[in-house]
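Undergrad: task: produce atomic coordinates for the following.
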Amino acid sequence: MSDTTIRPIDFDRDVHALNSFLNERDRMRLDHCRVAVDDGDCFIFVAEQAGNVVGWVVVHTSYRDDQDWVPDPDGRSFQQGDNAYVENIEVTARARSGGVGRMLLEAAQAEARGRGKTSLWLHTSENNVMAHRVFDRAGWKHERTVNPPWRPNIRMRIYRKALA
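TA: The predicted structure follows:
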């Protein structure tokens, strides 16, 4: 989408706009991520259309105990060595199906590759068919389905994107 800009987050400029469409849990993530971004262990890109923030992607490149993670061996391994983890990607309802999610993923992949990562990982709900289509079309591989410790009653797909 030609009128969409993908750029690194500017916390002072973007927090209010992100909070307008993020749920409570994601607003907490946004707050927790700031120190990780400042330390270089995480990066966030936002998608902007006509001056309005319409999406974001959060990627962790190093595991941190201060991110309010429920202990999970997969989550820890997805943030170590050559791996990076897409903690969240979200696009507002009005901007969906316009390529914004794909653009955010491409920016995340390029940044992770530039930081020496060779694999990106993520979880998505087993019933999130729209997300599955996005990831499948973008060349992500469905590795397995799990009930992670942080959502034990929800089946989640683990996807991996090879960056090398």
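Undergrad: for the residue sitting furthest away from the middle of the chain, give me its contacts.
TA: The outermost residue of the chain, judged against the average C-alpha position, is Ala50 (22.5 Å), by Cα atoms, centre = their mean. Neighbouring residues of Ala50 by Cβ atoms under 8 Å, 6 or more residues apart in numbering: Asp3. For every residue, glycine as well, the C-beta is placed using N, CA and C.
Undergrad: go on, Asp26?
TA: So Asp26 contacts 88, 90 (Cβ under 8 Å, 6+ apart).
Undergrad: can you check Ala164 too?
TA: Neighbour list for Ala164: Thr118 [criterion: Cβ under 8 Å, 6+ apart].
Undergrad: where along this protein do the strands fall?
TA: Under the criterion DSSP state E, the chain contains strands at 4-8, 42-49, 52-60, 83-91, 119-125, 141-146, 156-162.
Undergrad: can you give me how far the helix or strand bottoming out on mean pLDDT in the chain is from the chain middle?
TA: Here the helix or strand of the chain ranked lowest by mean pLDDT, DSSP states H and E is helix 73-77, holding a mean of 80. Between the centre of helix 73-77 and the centre of its chain there are 15 Å (Cα atoms, centre = their mean, to the nearest Å).
Undergrad: equivalent analysis for stretch 20-30, please.
TA: With Cα atoms, centre = their mean as the basis, stretch 20-30 stands 13 Å off its chain's centre.
Undergrad: over to stretch 106-114?
TA: 12 Å.
Undergrad: quick one: low-confidence parts of the protein?
TA: Counting by pLDDT under 70, the ranges of the chain that qualify are 1-2.
Undergrad: find the nearest non-adjacent residue to Tyr63, please.
TA: Ranked by Cβ to Cβ, 6 or more residues apart in numbering and with sequence neighbours excluded, the top spatial neighbour of Tyr63 is Gln79, at 4.0 Å.
Undergrad: tally of neighbours for that neighbour?
TA: Neighbourhood size, Gln79 [other Cβ atoms under 10 Å]: 23.
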